[in-house]
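Chemist: quick one: sequence and predicted model below, then my questions.
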Amino acid sequence: MRLFHIADLHIGKSIYGRSMIEDQKYWIDKFLTLCDERHPDAVLIAGDVYDRANPSAEAADLMGYFLTELVNRSIPVYMIAGNHDSGQRLAAMKDIIAKQGIYVAGNVSKEIVHYTLPDPDGFGPVTFWLVPYLIPEAVAQHLGDESIHTYTDAMRRLLEEQDIDSSHRNIIISHQNVVVNGEEVEYGGSEKVGGVGQTDYSVYDDFDYVALGHIHSGLMVGKQERIRYAGTPLCYHFDETKFRKKGVVEVVIDRKGSDIRPETITIEPLHTMRYIHDPAEKALARLQDEVQEGDYVGVVITDKRMTPEMSDYIKGIVESRNAYLFEHRSEYRSFTNSGASARVNEINEKPIEDLFMQFYIAQKGADKLYDEEKELMHFIGEMVRNSQSEDDDDADAEKILSELLRITGGNE
């Protein structure tokens, strides 16, 4: 059985003020061509389908096109909501679209959405388990268990409630920050979560393959080949240029217990993101040698200030290649200024909870946050991301206060 595992599409995303819709449409068409060539038996989409809970019409149209083309090819789709998605919106009309072979789980429930194929390849049944992004509070409420406080406990307890037949093949699609003994995989860039929401990999012991989303680097978790992040299809941050192999994870699963070795098939982007972070002499030489037509370019000088002449030179090179200059700056400082504010572009690329954490730490004058404080920042970030209305400020404040009381045990 051949599966295509993708995640963190972030359809509708903009970076440095430029819409990525054209890039995403190009990538989707390349993906569909790959489907025509390799004939996957299913496509797994592990969350963060959209970049925001309320996607633009343009983003929704592009995703509709993508799914329609997969339906036209008779390729089933198993898809979950990530933390950037509105689960309710993503799963709208799920019963109708399931008849077309598109299976969606938008919100966590006591019984995990799952589908069993009796014998798709001659090696017996395969069950797909669809677990959208979850937070402990939601699982505790569904299970009526107030002892659930960590992400690991939440996932473990939810899975324990399911009737999982370990004698046949089970595949789970999940969108969490999965760690091995507290160690996280290397982050891609804009998804940095600051240690929040860690879920230990051992909760997935009953599954033959774990198709993960959330972290933007396409890496396996620890040495577990069967537990794998797909990574983003495109570079959405200059930090992600260190992971050049972007594309689709192809997973071939045979009989129960056989080795699973996922492989990334690279899909070249419409525009290559190129990041030059060096002393001035080397940076300018690399700029001259490496920048190609249509590249998205970032240049950071490390050893001296950016002069007007240097800025003009960089702009001239980029423009002569018909490339796009997203940023050019110097990080050199001859003196320190701890009160300097972060650059606007960096702020725009950071997750909401990271901004809350930075502000909170600065106000406290502390070096770090306690776990309870991180949990509260994450809760606030989720509320902001998934807010459906601008008229619920009082209700939101009440939820935040209730969560604060729960985390602190009612102590001020």
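Modeler: Perfect, thanks for sending it.
Chemist: which other helices and strands contact the longest helix along the chain?
Modeler: Longest helix in the chain, counting residues (DSSP state H): helix 21-38. When contacts are defined as 3 or more Cβ pairs under 8 Å, 6 or more residues apart in numbering; DSSP states H and E, helix 21-38 sits against strand 2-6, helix 57-72, strand 247-252. Heads up, the C-betas are built off the backbone N, CA and C, glycines and all.
Chemist: can you name the residues in contact with it?
Modeler: With contact meaning Cβ atoms under 8 Å, 6 or more residues apart in numbering, helix 21-38 is reached by 2, 4, 6, 9, 11-13, 43, 58-59, 62, 65-66, 69-70, 73, 75, 233-234, 248, 250, 265, 267-271.
Chemist: go ahead and build a PyMOL selection from the buried members of those residues.
Modeler: A single PyMOL command selects the buried members of the contacts of helix 21-38 (16 or more other Cβ atoms under 10 Å):
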select buried, resi 4+6+9+11+12+13+43+59+62+66+70+75+233+234+248+250+267+269+270+271
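Chemist: contacts for the strand or helix carrying Gln141?
Modeler: Using DSSP states H and E, the element containing Gln141 is helix 136-143. Contacts with helix 136-143, where a contact means Cβ under 8 Å, 6+ apart, come from 107-110, 145-151, 153-155, 157-158, 161, 379, 403, 406.
Chemist: change it to 6 Å
Modeler: When contacts are defined by Cβ atoms under 6 Å, 6 or more residues apart in numbering, helix 136-143 is touched by residues Val108, Lys110, Glu146, Ile148, His149, Ala154, Leu158.
Chemist: can you put those in a markdown table and add pLDDT, distance to Ser166 and secondary structure?
Modeler: Shown next, in a markdown table, are those (pLDDT from 0 to 100; distance: Cβ to Cβ, whole Å; DSSP: H, G, I helix; E, B strand; the rest coil):
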| residue | pLDDT | distance to Ser166 | secondary structure |
| --- | --- | --- | --- |
| Val108 | 94 | 22 | coil |
| Lys110 | 95 | 20 | coil |
| Glu146 | 92 | 29 | coil |
| Ile148 | 95 | 23 | coil |
| His149 | 92 | 27 | coil |
| Ala154 | 97 | 21 | helix |
| Leu158 | 98 | 17 | helix |
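Chemist: most neighbours, which of these?
Modeler: Ala154 (26 neighbours; other Cβ atoms under 10 Å).
Chemist: of all the helices and strands packed on helix 21-38, which one is nearest Trp129?
Modeler: strand 2-6 (13.7 Å; Cβ to Cβ).
Chemist: show me what the helix or strand following that closest one pairs with in its sheet, parallel or antiparallel.
Modeler: Using DSSP H and E, the helix or strand that follows strand 2-6 towards the C-terminus is strand 14-15. Partners of strand 14-15 in the sheet, by DSSP bridges, are strand 18-19 (antiparallel).
Chemist: the strand it pairs with - what's its average pLDDT?
Modeler: Strand 18-19 carries an average pLDDT of 96.
Chemist: which residues sit in contact with Phe243?
Modeler: Applying Cβ under 6 Å, 6+ apart, the residues contacting Phe243 are Ser217.
Chemist: mind checking how far it is from Glu22?
Modeler: As for Phe243, its distance to Glu22 is 22 Å (criterion: Cβ to Cβ, to the nearest Å).
Chemist: coming back round to it: now for the contacts of helix 136-143: which two are most distant?
Modeler: Lys110 and His149 (18.2 Å).
Chemist: contacts only, for Ile314.
Modeler: Val299, His328.
Chemist: for it, give me phi and psi.
Modeler: With angles defined as degrees, to the nearest 10, Ile314 sits at phi -60, psi -50.
Chemist: before we move on, what about Tyr324?
Modeler: According to degrees, to the nearest 10, Tyr324 has phi -120, psi 120.
Chemist: excluding chain neighbours, what is closest to it?
Modeler: Tyr296 (5.2 Å; Cβ to Cβ, 6 or more residues apart in numbering).
Chemist: go ahead and confirm the one you found touches Thr272.
Modeler: No: Tyr296 is beyond contact range of Thr272, at 7.1 Å (criterion: Cβ atoms under 6 Å).
Chemist: which strand or helix spans Arg157?
Modeler: Here Arg157 is assigned to helix 151-160, by DSSP H and E.
Chemist: what do you get for Ser167?
Modeler: Using DSSP H and E, no helix or strand contains Ser167.
Chemist: excluding chain neighbours, what is closest to it?
Modeler: Here the residue nearest Ser167, using Cβ to Cβ, 6+ apart, is Lys256, at 7.4 Å.
Chemist: okay but that neighbour is in contact with Arg169, surely?
Modeler: Yes: if you go by Cβ under 6 Å, Lys256 and Arg169 touch, sitting 5.4 Å apart.
Chemist: neighbour count winner among the two?
Modeler: Using other Cβ under 10 Å as the criterion, Lys256 and Arg169 rank with Arg169 on top: 27 against 15.
Chemist: go ahead and confirm the more buried one touches Val126.
Modeler: Yes: using Cβ under 6 Å, Arg169 makes contact with Val126 at a distance of 4.6 Å.
Chemist: want to try TSV for the contacts of helix 136-143, with distance to Ala323 as columns?
Modeler: Listed next are the contacts of helix 136-143 as TSV, based on distance: Cβ to Cβ, whole Å:
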residue	distance to Ala323
Val108	44
Lys110	52
Glu146	55
Ile148	50
His149	49
Ala154	45
Leu158	47
